[in-house]
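Novice: Sharing a sequence plus its predicted fold:
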Amino acid sequence: SNLSGLGYGCLKQDWTLITVNAIGAALQTLYILAYLYYSPAKRPVLLRCLLLLAVLAAGYGYFTLVIADGRTRLARLGLFCSVFTISMYLSPLADLAKIVRSKSTRCLSFPLTVTTFLASTSWTFYGLQVHDPYIMVS
């Protein structure tokens, strides 16, 4: 999500998007490396990371080689970023089902939930300010 948002920010020349997504991508890379280092089952984690990087590389190839028109590229990349970001927010739904079944919030990080809500609200307001539906929706 951060890497695609970084590409969108570069294409749009929006320094807010570039800065936030570059920092986010660096932090997420650190989290992935720490998880990979401490994970007992390294092979499945590494394969998932490589699969996601392949999807990202295919997307990069599509947006740079297939789509020549800048406005079309920006619109499609914005949609691609929105789908990635929405899927990132949907991913904890599996934990939500577990919480409802077990009636326990032990696996739920409340600070992460609140911070995610505040971040998504901030991006919605920013999208409204710059009149960008792709930022606003995701």
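Specialist: Yes, it's here. If you're wondering where the values come from, they're calculated on a predicted model, not measured in any experiment. Numbering: from 1, shown residues only.
Novice: Over to Phe80. Which of the three states is it?
Specialist: Under DSSP: H, G, I helix; E, B strand; the rest coil, the three-state class of Phe80 is helix.
Novice: That one reaches Gly5, doesn't it?
Specialist: No: judged on CB atoms under 8 Å, Phe80 makes no contact with Gly5 at a distance of 9.9 Å. In this view, the C-beta of every residue, glycine as well, is placed from N, C-alpha and C.
Novice: buried ones in stretch 26-42?
Specialist: Residues of stretch 26-42 classed as buried by neighbour count (16 or more other CB atoms under 10 Å): none.
Novice: Show me what it is in contact with.
Specialist: 2, 45-46, 49 (CB atoms under 8 Å, 6 or more residues apart in numbering).
Novice: Would you map the helices across this structure?
Specialist: 2-12, 15-38, 42-61, 70-90, 93-102, 110-129, 133-137 (DSSP state H).
Novice: Now render those as TSV, adding mean pLDDT.
Specialist: Below are these laid out as TSV (pLDDT from 0 to 100):
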stretch	mean pLDDT
helix 2-12	90
helix 15-38	92
helix 42-61	87
helix 70-90	87
helix 93-102	81
helix 110-129	89
helix 133-137	88
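Novice: ranking those by burial, who's on top?
Specialist: helix 2-12 (a mean of 21; mean count of other CB atoms under 10 Å).
Novice: Tell me which residues are up against it.
Specialist: So helix 2-12 is contacted by 15-18, 20-22, 24-25, 28, 56, 59-60, 63, 70, 73-74, 77-78, 80-81, 84-85, 132, 134 (CB under 8 Å, 6+ apart).
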